[in-house]
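[1] Prediction below, plus the sequence it came from.
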Amino acid sequence: MAQDIVFNQDMTSTDFASVIETFAVANSFRDSHVMPMRSVFYSVRHKLRQYGIRGDMAARPKRMPSIRRKLSSSTIKFDQMNDLGGCRAIMHDIRGVRTLIAAIEDSFPHPIRQRYPYIERPKADGYRSHHIVFNFNPSGAEQVAFAGRRIELQIRTRLQHSWATAVEAASLYRGEDYKHGQGDQDWLRLFELAGAEFSHVEECPIVEGMPNHDERVKELKDLNRKLRATSVLENIKNATHFAETNRHDAGKYFLIRYRKDHTVAVEGYDSIIVATQELGDAEFRIASGQDDDRVVLVEVGKISKLVQMYPNYFGDVSLFVSNLGEICEGRKPVEYSMAKPQVVASKPREVGSTTALYRRYTKWFEKKR
């Protein structure tokens, strides 16, 4: 699994059969995390409702290219990975994050295996999120086979999510892997500084060794001017437009295909079994050179939440862009907070549409300075 898979005319039928078997075993083991992942997903969502915490939930199995990258760059084994099934909870503010963490610590159906408190101890690159790894605890005889499966939950604020979104979106469009510390050093530094400023406004710990607030703002302004970062990120956002074909209105499991021509296609499914089969088939075609898509399977509670929860796949970096502009203008980034509830008349029920999910990203050209 960790080695590069090369398909060529010299491959024997035995070699080909071995690769097929490897994919089948790997997909089967990853798919065995889907039911435990969904259990964690609904257990966390219950906590949100129980404590009145404002936020959104999403879940997805780990992509095979990401699995192979992790296996090849570390000594970890496939069955030791914590995030083959992953859930994400995005809260409106830091208070919501802390409330949810405390609620899970108080009681939860699945025991906590490990914690990675990247909010209290942010990564050097600026990444912040609170990760909790659970051991799946079966609630019935039909679930016993999945006992002990590791499921990771990421809890973060919208501000923290906007940072992670911008890093991944910029990586996709610029063809550099900022998420893993590879690429243009000025861009990497810009994200480090922005992460520190977001920590500052949320009154959370800042990465050790960072310059003080005034120096950070000055360096950010200089980098933004040099890279024309807000302009580049605005281009990513504004390059989108709606594609009116190939709609799939049903389902809550979505296979997102990001293509080389900057087209994003979304396929909806009602069945998680069918959806995971399609994911496995798509990943095999990619690995065998028959396709060059990037694919990811996600589950969201409502179709309208898909772009909101996974904006990196649709090029929407609005919140990060606006907050970078705020910093460079000498103002604080905006942290989401809960508004005081108001009693208003009910709105007529609207029928959801997936039109907004099918977006096409056109190429752009940056003017030379």
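    Received, thanks. Numbering: from 1, shown residues only.

[2] from here on, contacts and neighbour counts on C-alpha atoms
    OK.

[3] Tally up the residues packed near the residue nearest to His213 when sequence neighbours are not counted, please.
    Excluding its sequence neighbours, the residue lying closest to His213 (C-alpha to C-alpha, 6 or more residues apart in numbering) is Glu197, at 7.4 Å. Residues contacting Glu197 under the criterion other C-alpha atoms under 10 Å number 25.

[4] so which helix or strand takes in Glu197?
    If you go by DSSP states H and E, Glu197 is part of helix 185-201.

[5] quick one: the helices in this structure?
    Along the chain, counting by DSSP state H, helices occupy 13-31, 34-51, 64-73, 94-106, 158-174, 185-201, 213-227, 229-238, 272-287, 306-309, 318-328.

[6] what's the most buried one of these?
    Comparing the helices of the chain by mean neighbour count (mean count of other C-alpha atoms under 10 Å), helix 158-174 comes out on top with a mean of 22.

[7] counting contacts, what elements does it pack onto?
    strand 85-91, helix 185-201, helix 229-238, helix 318-328 (3 or more C-alpha pairs under 8 Å, 6 or more residues apart in numbering; DSSP states H and E).

[8] any idea which of these scores lowest on pLDDT?
    Confidence, taken as mean pLDDT, is least for helix 229-238 of these (a mean of 79).

[9] so how far is that one from its chain's centroid?
    Distance, stretch centre to chain centre, for helix 229-238: 20 Å (C-alpha atoms, centre = their mean, to the nearest Å).

[10] related to what we said a few turns ago, could the helices and strands packed on helix 158-174 go into JSON lines alongside distance to Arg38?
    Formatted as JSON lines, the helices and strands packed on helix 158-174 follow (distance: least, C-alpha to C-alpha, whole Å):
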{"stretch": "strand 85-91", "distance to Arg38": "8"}
{"stretch": "helix 185-201", "distance to Arg38": "30"}
{"stretch": "helix 229-238", "distance to Arg38": "31"}
{"stretch": "helix 318-328", "distance to Arg38": "29"}
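
[11] Between those, which one is closest to Lys123.
    helix 185-201 (9.2 Å; C-alpha to C-alpha).

[12] Dump that closest one to PDB, keeping only the CA atoms.
    Backbone C-alpha positions of helix 185-201 (Å, rounded to 0.1, in the frame of the first residue of the first chain) are rendered in PDB as follows:
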ATOM      1  CA  GLN A 185       8.300  29.600   1.800                       C
ATOM      2  CA  ASP A 186       6.600  33.000   1.600                       C
ATOM      3  CA  TRP A 187       3.200  31.400   1.300                       C
ATOM      4  CA  LEU A 188       4.000  29.100   4.200                       C
ATOM      5  CA  ARG A 189       5.100  32.000   6.300                       C
ATOM      6  CA  LEU A 190       1.900  33.900   5.500                       C
ATOM      7  CA  PHE A 191      -0.200  31.100   6.800                       C
ATOM      8  CA  GLU A 192       2.000  30.800   9.900                       C
ATOM      9  CA  LEU A 193       1.500  34.400  10.700                       C
ATOM     10  CA  ALA A 194      -2.300  34.400   9.900                       C
ATOM     11  CA  GLY A 195      -2.700  31.300  12.200                       C
ATOM     12  CA  ALA A 196      -1.000  33.300  15.000                       C
ATOM     13  CA  GLU A 197      -3.300  36.200  14.500                       C
ATOM     14  CA  PHE A 198      -6.300  34.000  14.600                       C
ATOM     15  CA  SER A 199      -5.100  32.500  17.900                       C
ATOM     16  CA  HIS A 200      -4.600  36.000  19.200                       C
ATOM     17  CA  VAL A 201      -8.200  37.100  18.500                       C
END
